[in-house]
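Chemist: Just to be clear, the model below is a prediction. Sequence and coordinates:
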Amino acid sequence: MASRVPCPHCGLRPKEEFTIKGAALPRPAPDAGEAAWIEYVYLRENPRGAYDEFWHHTSGCRRWLVVSRNTLTHDVYGARDVALGGETQP
Amino acid sequence: MRYSALSLLLNGLTGNRNWAPAWREPEPKSHYDVVIVGGGGHGLATAYYLAKVFGVRNVAVLEKGYLGSGNIGRNTTIIRSNYLLPGNNPFYELSMKLWEGLEQDFNFNAMVSQRGVLNLYHSDAQQDAYTRRGNAMRLHGVDAELLDREAVRAKLPFLDFDNARFPIQGGLLQRRGGTVRHDAVAWGYARGADSHGVDVIQHCEVTGIRREGGRAVGVETTRGFIGCNKLALAAAGHSSQVAAMAGLKLPLESHVLQAFVSEGLKPFIDCVVTFGAGHFYVSQSDKGGLVFGGDIDGYNSYAQRGNLATVEHVAEAGKAMIPALSRVRVLRSWGGVMDMSMDGSPIIDRVHLDNLYLNSGWCYGGFKATPASGYCFAHLIARDEPHETAREMRLDRFARGYLIDEKGQGAQPNLH
Ligand SMILES: Cc1cc2nc3c(=O)[nH]c(=O)nc-3n(C[C@H](O)[C@H](O)[C@H](O)COP(=O)(O)OP(=O)(O)OC[C@H]3O[C@@H](n4cnc5c(N)ncnc54)[C@H](O)[C@@H]3O)c2cc1C
Ligand SMILES: [Zn+2]
């Protein structure tokens, strides 16, 4: 893994400062139905390549980010604040 | 050729020039009764039991690399059946029983060593949890002993019993647990399957699954199309990719787990010890190297290599448990890509196509499962009925809400 993540608020930071939640999936509406919720909670594309994940900058700004990276090469492409956007690249 | 003390002696006397290869290198045929994708431990064991126990011999195992290149040759070789939940325990105990007779059964020295697996505990709460686990094991007829601090000290005097953060109060011991030489398991099953007529085909990557009218009729491979009556997937860390070829999305994420081996030392640790609180476990190989590991790195990965931060963490945890480790040099480290499921338990099931069978979700614990996984998967493929010890390992358990969540972590694979 490229070992530094470009936090839009804190700059390039070591990955150990972050907590990884997992796939950055859109949350279904409360009434989206059982099938949509089962898919959201349990099923994953699990791609071998480009991937967007939720990372929390636990030991930094404590903001939730979407980190885009590659699961095969471990390259980090960029990160953005979930709520504010503002993509930053390494 | 049957291996025996006599064959060893005779071949030794003739300069070891007359050994036959352990298995053939056949060209793929155009069609098989059963095609198994993935020649790791589970795929090979499935083929072996299909041919030997269930009489299905027209079988091919397709492996994209060489035998032993996946997790079967990367794990830390620990076997145990110390599971808590009823959906898991009888299955892992079946596996333990199969390990106990395996070398005679497939006529290969896999160095099965029941040296004991000890899980340390450090608090009253952990002691309660292990007492409960031990009782659950005994109710299932599995051996379990709770050791107090002094009993652990008698066994492993060099542990840091008075560690400030995690003082050792005792441990849960399964004496029948232990280690098995992992690549010998792949070789033994490959040789056994081959001797019953199975084609083990290396360097043959499956690139597509051909479907006709709700059935899988065969696979596209780097060595051409291969037809089949039944298709069985056992691709471990690449299960999501292979299943996607049949239009199936799985409750899995692929994560990397690292392992390490030290320089050879004199006999030091005569069992497997786990320090769950600190994320470290260790055993000593017959060559003297300490074989150890910790937790998964925590992010999805197909890279078969891990991160330095985890290396440091494992080293720190190891030193916290055994201070003497501070002077030990590490020889090698490596990583393997594992199919982490959403509840930490495996899937052995027939899936959405009539003749498509899935074996996956082994997380970091699938080595010990190899014999039972092969046996139960073969049972399912041959009879279209789940084996009684694997009947809860259904794919639809997630949708139905019947998870087998040993760790109680929920759908968060990097925490299992
Ligand atoms: C570092 C580490 C330590 C571990 N320690 C333990 C332990 O102590 N105890 C324990 O019980 N478990 C342990 N495990 C887990 C265990 O190794 C795995 O769960 C188990 O080996 C998985 O099953 P397998 O042997 O069939 O997998 P693999 O050997 O990975 O087999 C899958 C095979 O499928 C092949 N394949 C994939 N895609 C294709 C394709 N498209 N076409 C053809 N072939 C394909 C791969 O090349 C691979 O050979 C550990 C794992 C790791 C990585
Ligand atoms: Zn930040």
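Modeler: Done, it's in. Residues are numbered from 1 along each chain as shown, chains lettered A, B, ... in the order given. Ligands and ions are numbered 1, 2, ... in the order given.

Chemist: hang on, residue B:116 packs against residue B:178?
Modeler: Yes: here residue B:116 reaches residue B:178: they are 6.4 Å apart, a contact under C-beta atoms under 8 Å. For glycine as for every other residue, the C-beta is placed from the backbone atoms N, C-alpha and C.

Chemist: Compute the first-to-last residue distance for stretch B:198-210.
Modeler: The first and last residues of stretch B:198-210 sit 22 Å apart, counting by C-alpha to C-alpha, to the nearest Å.

Chemist: is that stretch anywhere near ligand 1?
Modeler: Yes: using C-beta under 6 Å from any ligand atom as the criterion, contacts between stretch B:198-210 and ligand 1 involve B:205-206.

Chemist: Low-confidence stretches in chain A?
Modeler: A:1-2 (pLDDT under 70).

Chemist: what does it put close to chain B?
Modeler: A:1, A:3, A:14-16, A:20-23, A:34, A:38-39, A:41-46, A:48, A:51, A:53, A:71-74 (C-beta under 8 Å from any C-beta of the partner chain).

Chemist: Restrict these to the buried ones and give me that as a ChimeraX selection.
Modeler: Burial among the residues of chain A next to chain B is assessed by 16 or more other C-beta atoms under 10 Å in any protein chain shown; the matching ChimeraX selection reads:
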select /A:1,15,20,22,23,38,39,42,43,44,46,48,51,53,71,72,74
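
Chemist: Which ones among the residues of chain A next to chain B also lie next to ligand 2?
Modeler: Residues of the residues of chain A next to chain B in contact with ligand 2 (C-beta under 5 Å from the ion): none.

Chemist: Please list the members of the residues of chain A next to chain B that lie in strands.
Modeler: Those of the residues of chain A next to chain B mapping onto strands are A:14, A:20-23, A:51, A:53, per DSSP state E.

Chemist: What is the most widely separated pair among these?
Modeler: Pairwise distances across those (C-beta to C-beta) peak at 22.6 Å, for the pair A:14 and A:23.

Chemist: Which secondary structure state does the residue nearest the centre of chain B sit in?
Modeler: Nearest residue to the geometric centre of chain B (C-alpha atoms, centre = their mean): residue B:367, 1.4 Å. Counting by DSSP: H, G, I helix; E, B strand; the rest coil, the backbone at residue B:367 sits in coil.

Chemist: now check the helix or strand harbouring residue B:100, is it near ligand 1?
Modeler: Residue B:100 belongs to helix B:89-106 when assigned by DSSP states H and E. No: Helix B:89-106 lies out of reach of ligand 1 by C-beta under 6 Å from any ligand atom, never closer than 9.1 Å.

Chemist: for ligand 2, what are the nearby residues on chain A?
Modeler: A:7, A:9-10, A:57, A:60-61.

Chemist: of those, buried ones?
Modeler: A:7, A:9, A:57, A:60-61.

Chemist: and which of the residues you listed is nearest to residue A:85?
Modeler: When these are compared against residue A:85 (criterion: C-beta to C-beta), the nearest one is residue A:9, at 12.3 Å.

Chemist: If we ignore the residues flanking it in sequence, what's nearest the closest one?
Modeler: residue A:61 (4.2 Å; C-beta to C-beta, 6 or more residues apart in numbering or on different chains).

Chemist: Any idea which residue of chain A lies closest to ligand 1?
Modeler: Using C-beta to the nearest ligand atom, the closest approach of chain A to ligand 1 is made by residue A:48 at 10.1 Å.

Chemist: ok, now which ones touch that residue?
Modeler: A:71-72, B:238, B:240-241, B:254, B:302 (C-beta atoms under 8 Å, 6 or more residues apart in numbering or on different chains).

Chemist: burial of the closest residue to it other than its chain neighbours, as a residue count?
Modeler: In this structure, residue A:48 finds its nearest non-sequential neighbour in residue B:302, 4.7 Å apart by C-beta to C-beta, 6+ apart. Burial of residue B:302 is recorded as 21 neighbouring residues (other C-beta atoms under 10 Å in any protein chain shown).

Chemist: Check the secondary structure at residue B:302 for me.
Modeler: Criterion first, three-state DSSP; result for residue B:302: coil.

Chemist: next one: residue B:194
Modeler: Residue B:194 ends up helix, using three-state DSSP.

Chemist: That one touches residue B:25, doesn't it?
Modeler: No: if you go by C-beta under 8 Å, residue B:194 and residue B:25 don't touch, sitting 9.7 Å apart.

Chemist: who has more neighbours, those two?
Modeler: Using other C-beta under 10 Å as the criterion, residue B:194 and residue B:25 rank with residue B:194 on top: 22 against 11.
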